[in-house]
Each structure stands twice: as C-alpha cells, then as structure tokens.
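Engineer: structure, please.
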Amino acid sequence: MRAGGVTTDHPLERLIFFSDAVFAIAITLLVIEIHVPDVADARAAGGYGNVLLETTPSFFAFLISFAVIARFWAGHHAAFSMRARFDKSLLIPNFILLLCIAFMPFSTAFLAKNLGQFVPALFYNVSLLALATASLWVVHLATRADDRLPNADPLDVRMLHARGIAVALGALIAIALTFVDPRFSQVGLVFAPMGRFFVRRPVAA
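Structural biologist: Got it, this is the predicted structure:
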C-alpha cells in the first residue's frame, strides 16, 4: 500500500484490512433484523402495504445505524490513511472500537423493536457514545505527529478530531434528550456532522 509515495508496512495493512472487514460485516448485519413479510403476515395485517408500514421502526433504526457505521468507517479510513507505520499501542484501542462496531447491530435491533421506549433508546445512545469515545481514542493515536506521513495535512487531522468530538457531543445530546422524550432522542445526532464548523482553513496572507 502506498500513500503519498510512502510504503506502508505489512502489519499496518493487516490491521486496516481486518478493521475494514469488521466494519463491513457489522454494516451488513444491520439489515438482518428487517424481516421480509410473508403471505400470512400480509393477510393478517390487511395487505403488504400495511405489513411494510409496521416495519417502519426497523427501517428507521437501520438507516440511522448504517449512516453511523459508515461515518465511523470514513473517519477510521481517513486517520489510518495518514499513518506511516504500525505500532502495538494501536491494537487494544482499535479492538475496543471494533467491539463497539460489532455491537451496533444488537443495539439497533433492540431500538427498532422498542422504538420510543426509554431503556432501548438510552441503551442505543449510550452504545453510540461508547463508540464515539473509542473512535476518538483511535483517531488520536493513529494521527500522532511522530507517526504521520510527511504529506499529511494538519488541517485534515484537526478536522478529523473536530468531527469526532462533534459526534460524541451529538451522542451526549441524544442521551440527554432520552430523559426528556425517548421518541425523539436521536434528533441529537443531527449535531454530529457539525465538526467542520469548528475548523477553519487559515487565510493566506
């Protein structure tokens, strides 16, 4: 693997490939909880349209978690694209991150089957906060100045960190909203993409 003309070492490649596989499996498992309606279910519900309408919570939870996992993969990919070499200190934090990612299909299914309920909403939002915290840890380690590629843009590093903090804040807001009204707690996640507003490119003299 080459990035900016610098060869990445084999252990780092294996860590990245393994991580990508876990992200891919987790994001695929999300759809398993959306059950395809059969004829008996459709007749009992008065038609396929009605039975599909009943699966709306599952589709809602699927779309949220798909976007969440995709966003964390993008951050992981960007951070490791800046890294020049492998370091054993990355292993445990990265495994903790992957643990949180692998847990997301369960959190999503629990939320979908009990949408609007306090405990499932809180459980999902706390899971998301744990994931955001682990991601911040990994991105911090992966983008340390001493281990970055020579051509890594410091502004891109700052942007990664700012986005990670924004996601964690979004999860905290979602947790707080759970105690107000769990039906709308995921609204807090709209703050997650706002990290870019906290980083500005220096104005050329």
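Engineer: can we go C-alpha only for contacts and neighbour counts from here?
Structural biologist: Will do.
Engineer: please enumerate the strands of the chain.
Structural biologist: Remark: strands assigned in the chain by DSSP state E are 2-3, 6-7.
Engineer: can you flag the weakest of those by average pLDDT?
Structural biologist: Least confident of the strands of the chain, judged by mean pLDDT, is strand 2-3 with a mean of 45.
Engineer: hey, which helix or strand in the chain has the poorest pLDDT?
Structural biologist: strand 2-3 (a mean of 45; mean pLDDT, DSSP states H and E).
Engineer: wait, Ala134 sits on Ile92?
Structural biologist: No - with contacts counted by C-alpha atoms under 8 Å, Ala134 stays clear of Ile92, the gap being 10.3 Å.
Engineer: more neighbours, these two?
Structural biologist: Remark: of Ala134 and Ile92, Ala134 carries more neighbours, 23 against 11, as counted by other C-alpha atoms under 10 Å.
Engineer: kindly state the pLDDT recorded for the spatially closest residue to the more buried one that is not a sequence neighbour?
Structural biologist: Counting by C-alpha to C-alpha, 6 or more residues apart in numbering, Ala134 lies nearest to Leu97, which is 5.1 Å off, once chain neighbours are set aside. You'll see Leu97 listed with a pLDDT of 97.
Engineer: who are the contact partners of Leu97?
Structural biologist: Residues counted as contacts of Leu97 (C-alpha atoms under 8 Å, 6 or more residues apart in numbering) are Leu131, Ala134, Ser135, Val138.
Engineer: quick check: the third one touching Gly164?
Structural biologist: Yes - distance between Ser135 and Gly164: 7.2 Å, which falls inside the contact criterion (C-alpha under 8 Å).
Engineer: so what sits against both of the two?
Structural biologist: By C-alpha under 8 Å, 6+ apart, Ser135 and Gly164 have no common neighbours.
Engineer: now, the contacts of Leu97 that are in helices?
Structural biologist: The helices, defined by DSSP state H, take in Leu131, Ala134, Ser135, Val138 from the contacts of Leu97.
Engineer: now do the same contact list for the first one.
Structural biologist: Listed by C-alpha under 8 Å, 6+ apart, the contact set of Leu131 reads Leu97, Cys100, Ile101.
Engineer: Thr55: which of those is nearest?
Structural biologist: Ile101 (23.5 Å; C-alpha to C-alpha).
Engineer: distance between stretch 27-37 and the chain's centre?
Structural biologist: Computed by C-alpha atoms, centre = their mean, to the nearest Å, the chain-centroid distance of stretch 27-37 equals 18 Å.
Engineer: mean confidence for it?
Structural biologist: 82.
Engineer: and stretch 176-188, by the same measure?
Structural biologist: For stretch 176-188, mean pLDDT is 90.
Engineer: for that stretch, measure first residue to last.
Structural biologist: 9 Å (C-alpha to C-alpha, to the nearest Å).
Engineer: so what touches that stretch?
Structural biologist: 115-118, 121-122, 125, 170-175.
Engineer: and if we set it to 10 Å?
Structural biologist: For stretch 176-188, the external contacting residues (C-alpha atoms under 10 Å, 6 or more residues apart in numbering) are 61, 64, 115-125, 167, 169-175.
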